[in-house]
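>>> Structure, please.
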Amino acid sequence: MKITEKNKFSVGQLSKLSGVSVRTLHFYDEKDLLTAKRDSNGYRFYSNYDAALLQQIIIYRQMDMRLEDIATIIHADNFDLLSALQKQHELLIRRRESTDDMIKRIEVSIKMTQGEENLDAILKGLPEAKIEEWKSEIKQDEHGDDVLEAYGKIPNDEVQDIKEGADVWTNIIWK
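Take a look at the predicted model:
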């Protein structure tokens, strides 16, 4: 939807729509950060553009930016709301991917701390009978228990490389 001045939102409507309190909207108005317009009755209202601009302000605030810095950005002569929103979208996707990666590393660390071997993560998806056969063969060796224990201590970044190699090897063997 193209942003236009056509639709009007009351302070209460924009508050509900955005999740920002009415008091915060009034504060942003006082600080000339998000200026409400007035209708013929003197009531404040906001346009679609204002709603999109508020979303921009909310994102900047969530990025811990100071209000003064946000005002400087959005009041700059060369400020382009669409471009700013697209850049923030890209930034938030990268941040989400980074957060997802951290969560995965923490989950593996939790499993390792709980004594679960990440050898199982490497072998995941392979036929169960074949896995048991390999583990049995490894244990028959005089150092087999040490080998299995060492697999439980492989750094997380190496586990994925080993898994990908095993997947390639398995696809060649089983096809």
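>>> neighbouring contacts of stretch 13-24?
Defining contact as Cβ atoms under 8 Å, 6 or more residues apart in numbering, one finds that stretch 13-24 is touched by 9, 11-12, 25, 46, 50-51, 54-55, 58. C-beta: built from backbone N, CA, C; applies to glycine.
>>> Return the per-residue confidence for Glu90.
If you check Glu90, the pLDDT there is 87.
>>> And the protein, what are its domain boundaries?
Residue ranges for the domains of the chain, per automatic domain parsing: 8-79, 93-174.
>>> mean pLDDT lowest for which of the ones you listed?
Among the domains of the chain, domain 93-174 scores lowest, with a mean of 68.
>>> Which residues in the helix or strand hosting Arg23 does the neighbour count mark as buried?
Secondary-structure element containing Arg23, defined by DSSP states H and E: helix 22-30. Within helix 22-30, the residues that qualify as buried are 24-25, 28, counting by 16 or more other Cβ atoms under 10 Å.
>>> try stretch 46-64
In stretch 46-64, residues buried by neighbour count (16+ other Cβ under 10 Å) are 46-48, 50-51, 53-57, 59-60.
>>> Over to stretch 88-107?
With the criterion 16+ other Cβ under 10 Å, stretch 88-107 contains buried residues Gln88.
>>> could you dump that stretch to PDB, C-alpha only?
In PDB, the C-alpha atoms belonging to stretch 88-107 read as follows (Å, rounded to 0.1, in the frame of the first residue of the first chain):
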ATOM      1  CA  GLN A  88      16.100  -1.500   8.800                       C
ATOM      2  CA  HIS A  89      14.300  -4.500   7.400                       C
ATOM      3  CA  GLU A  90      17.700  -5.900   6.100                       C
ATOM      4  CA  LEU A  91      19.400  -5.100   9.400                       C
ATOM      5  CA  LEU A  92      16.700  -6.800  11.500                       C
ATOM      6  CA  ILE A  93      16.800  -9.900   9.300                       C
ATOM      7  CA  ARG A  94      20.600 -10.100   9.800                       C
ATOM      8  CA  ARG A  95      20.100  -9.600  13.500                       C
ATOM      9  CA  ARG A  96      17.500 -12.300  13.600                       C
ATOM     10  CA  GLU A  97      19.800 -14.700  11.700                       C
ATOM     11  CA  SER A  98      22.600 -13.900  14.100                       C
ATOM     12  CA  THR A  99      20.300 -14.500  17.100                       C
ATOM     13  CA  ASP A 100      19.100 -17.800  15.600                       C
ATOM     14  CA  ASP A 101      22.700 -18.900  15.200                       C
ATOM     15  CA  MET A 102      23.400 -18.000  18.900                       C
ATOM     16  CA  ILE A 103      20.400 -19.900  20.000                       C
ATOM     17  CA  LYS A 104      21.500 -23.000  18.100                       C
ATOM     18  CA  ARG A 105      25.000 -22.800  19.600                       C
ATOM     19  CA  ILE A 106      23.500 -22.400  23.100                       C
ATOM     20  CA  GLU A 107      21.200 -25.400  22.600                       C
END
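>>> Good, we can wrap up now.
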